[in-house]
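Colleague: After the sequence you'll find the predicted model.
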Amino acid sequence: ILRGWEAQPHLRPYMASLQLDGKHICGGFLIAPQWVLSAAHCTEQMGDKHFQVLLGAHSLSAPEPHKRLYNVKAQIAHPGSNIHNNRDDLLLLQLEEKAELNEHVKVLPFQREDREVAADTLCDTAGWGTITHSGKRPDRLQEVQRPVISRELCNHRTRHDRTITEKMMCTDSNKKDTCKGDSGGPLVCNGVAEGVVTAGSRVCGNYKKPAIYTRIAPYAEWIDSIMASRDG
Ligand SMILES: CC(C)CC(=O)Nc1cccc(-c2cccc(CN)c2)c1
């Protein structure tokens, strides 16, 4: 997160850190006791390794009472996701067991009505992604508030030039923005997850490349079908 601020500890108890060998790779968030939603692009650099999911954390390094690292039993990328574009950039992770829910670990509801979030709506996004252009990584969860911009503006020839589908949405990226390592985190508007951070053009903080999110509502049935098909 560029030009954001440190989140109030545990006020975003749904946040997950997807880790490889103890290193934060991507964000994610708890959508059910045993399921985390993230971005399919996050699996690009893992090879044959397996993610672990950190829940209940504020600091990535300090011991905290409700922090717990979960192994992943199943990892399902959306069948339409691929490395050449940002379409269907969703990843479902089934934890080895149901997360223990408490004040620091909670599920975040996601939007199920397929209706656009109005332009100028202020939404929040959070993550342990880089906080400078040089790639400095934070130890503690950062957050930023960004206004939604219309698909028409986001698709302008000088912005993302008609690559933003009706299953994506954008926020202004002037200075304050998501960045490397924030992929997979939620875009929260009025307390509901409306989108999942996608890397898009992999540019950060440049108003010419607005931040892109996979809208969740169009995928509600896919998400429900995967969760229902794997032991409850
Ligand atoms: C396997 C993946 C973790 C590799 C990766 O994501 N790289 C990468 C590099 C630069 C910017 C970004 C990036 C992320 C989220 C939002 C944005 C755009 N604001 C950029 C992402």
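Modeller: Sure, I can see it.

Colleague: use CA for all of it now, contacts and neighbours both
Modeller: Noted.

Colleague: residues contacting the residue most central in space within the chain?
Modeller: For the chain, the residue whose C-alpha lies nearest the mean C-alpha position (Cα atoms, centre = their mean) is residue 185; its distance is 1.6 Å. When contacts are counted by Cα atoms under 8 Å, 6 or more residues apart in numbering, residue 185 touches 15-16, 26-29, 38-39, 125-127, 196-197.

Colleague: Which of those residues fall in strands?
Modeller: Of the contacts of residue 185, the ones assigned to strands by DSSP state E are 15-16, 26-29, 38, 125-127, 196-197.

Colleague: filter those residues down to the ones near the ligand?
Modeller: The overlap between the ones in strands among the contacts of residue 185 and the neighbourhood of the ligand (criterion: Cα under 6 Å from any ligand atom) consists of residue 26.

Colleague: Identify, from the ones in strands among the contacts of residue 185, the entry nearest to residue 159.
Modeller: residue 197 (17.3 Å; Cα to Cα).

Colleague: So what pairs up with that closest one in the strands?
Modeller: Per DSSP bridges, the residues bridged to residue 197 are residue 213.

Colleague: who's in contact with it?
Modeller: Residue 197 makes contact with 39, 178, 182-187, 211-214 under the criterion Cα under 8 Å, 6+ apart.

Colleague: again, 6 Å this time
Modeller: 183-185, 213 (Cα atoms under 6 Å, 6 or more residues apart in numbering).

Colleague: Let me have these in CSV, extended by secondary structure.
Modeller: Putting the contacts of residue 197 into CSV (DSSP: H, G, I helix; E, B strand; the rest coil) gives the following:
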residue, secondary structure
183, coil
184, coil
185, coil
213, strand
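
Colleague: ok, of the residues you listed, which one's closest to the ligand?
Modeller: Proximity of the contacts of residue 197 to the ligand (Cα to the nearest ligand atom) peaks at residue 183, which lies at 4.5 Å.

Colleague: any idea how far that closest one is from residue 231?
Modeller: Residue 183 sits at a distance of 28 Å from residue 231 (criterion: Cα to Cα, to the nearest Å).

Colleague: So those two - more neighbours on which side?
Modeller: In terms of neighbours (other Cα atoms under 10 Å), residue 183 is the more surrounded of residue 183 and residue 231; the figures are 30 against 6.

Colleague: Quick one, grab the pLDDT at the more buried one.
Modeller: According to the per-residue confidence, residue 183 scores 98 in pLDDT.

Colleague: wait, it sits on residue 198?
Modeller: Yes - in this structure, residue 183 is within contact of residue 198 by Cα atoms under 6 Å, at 5.1 Å.

Colleague: what about the spatially most distant residue from the centre of the chain, which SS state?
Modeller: Of all residues in the chain, the one whose C-alpha sits farthest from the chain's mean C-alpha position, using Cα atoms, centre = their mean, is residue 157 at 26.2 Å. When the structure is split into helix, strand and coil by three-state DSSP, residue 157 lands in coil.

Colleague: Roughly how far does it sit from the ligand?
Modeller: Relative to the ligand, residue 157 is positioned 18 Å away (criterion: Cα to the nearest ligand atom, to the nearest Å).

Colleague: What backbone torsions are found at that residue?
Modeller: Listed backbone geometry of residue 157 is phi -50, psi -40, with angles given as degrees, to the nearest 10.
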